[in-house]
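Peer 1: Can you look at this prediction? I've put the sequence above it.
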Amino acid sequence: ATDIVNGCTFDNNLPCIAEKEIVAVSSIVAELMHYLVTENDCYLASKEEQDKLTEVVLAGGKLNRKCVGRDARTLLSMIGVNAPANIRCIVFEGPKEHPLITTELMMPILGVVRARDFDDAVEQAVWLEHGNRHSAHIHSKNIDNITKYAKAIDTAILVKNAPSY
């Protein structure tokens, strides 16, 4: 969780290689969310807050340039949330089709997509990469899974078990 948040929040998510979304096997989602929120200064956005963020960040269906590169607390204040000073990132769980997940935002908002198993996670990650073949990340101790993912995602940059920077 720490590496993911550090990569996502580096320079407020402006680098194109930075973590943009998380696809996680269902069996680890609750534990991952716990660590994101309790140990890595992430703010868990409610459904109502997700909707407000979507309206502000994707105003009129387009990326709001006034939000690009802003820190999490500033983004939350734009929707009326007074977040604690330690908040570094906004997280939420949603479907892979959620606009805050499918759009490259260049701000520290991380949607978490739940997968049934590793194969489903790979399939969803490939879909979310949109065929750009640019960059991807994986956190796994299973070298066979890392290899399988690397072949499926087929990106120029693949970061394994580390933050993106």
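Peer 2: That came through, no problem.

Peer 1: counting contacts, what elements does the lengthiest strand in the chain pack onto?
Peer 2: Using DSSP state E, we find that the single longest strand of the chain is strand 109-115. Contacts defined by 3 or more C-beta pairs under 8 Å, 6 or more residues apart in numbering; DSSP states H and E place strand 109-115 against helix 2-9, strand 21-25, helix 26-38, strand 89-93, helix 99-102, helix 118-128. All C-beta spots, glycine's among them, are computed from the backbone N, C-alpha and C.

Peer 1: Just say which of those is most tucked in.
Peer 2: strand 89-93 (a mean of 24; mean count of other C-beta atoms under 10 Å).

Peer 1: export that strand as PDB, just CAs?
Peer 2: Extracted in PDB, the C-alpha atoms of strand 89-93 (Å, rounded to 0.1, in the frame of the first residue of the first chain):
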ATOM      1  CA  CYS A  89      -4.600  10.700  -1.600                       C
ATOM      2  CA  ILE A  90      -8.300  10.100  -2.200                       C
ATOM      3  CA  VAL A  91      -9.400   6.400  -2.600                       C
ATOM      4  CA  PHE A  92     -12.700   4.700  -3.400                       C
ATOM      5  CA  GLU A  93     -13.900   1.400  -4.600                       C
END
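
Peer 1: right, so of the helices and strands packed on strand 109-115, which gets closest to Y165?
Peer 2: helix 2-9 (6.1 Å; C-beta to C-beta).
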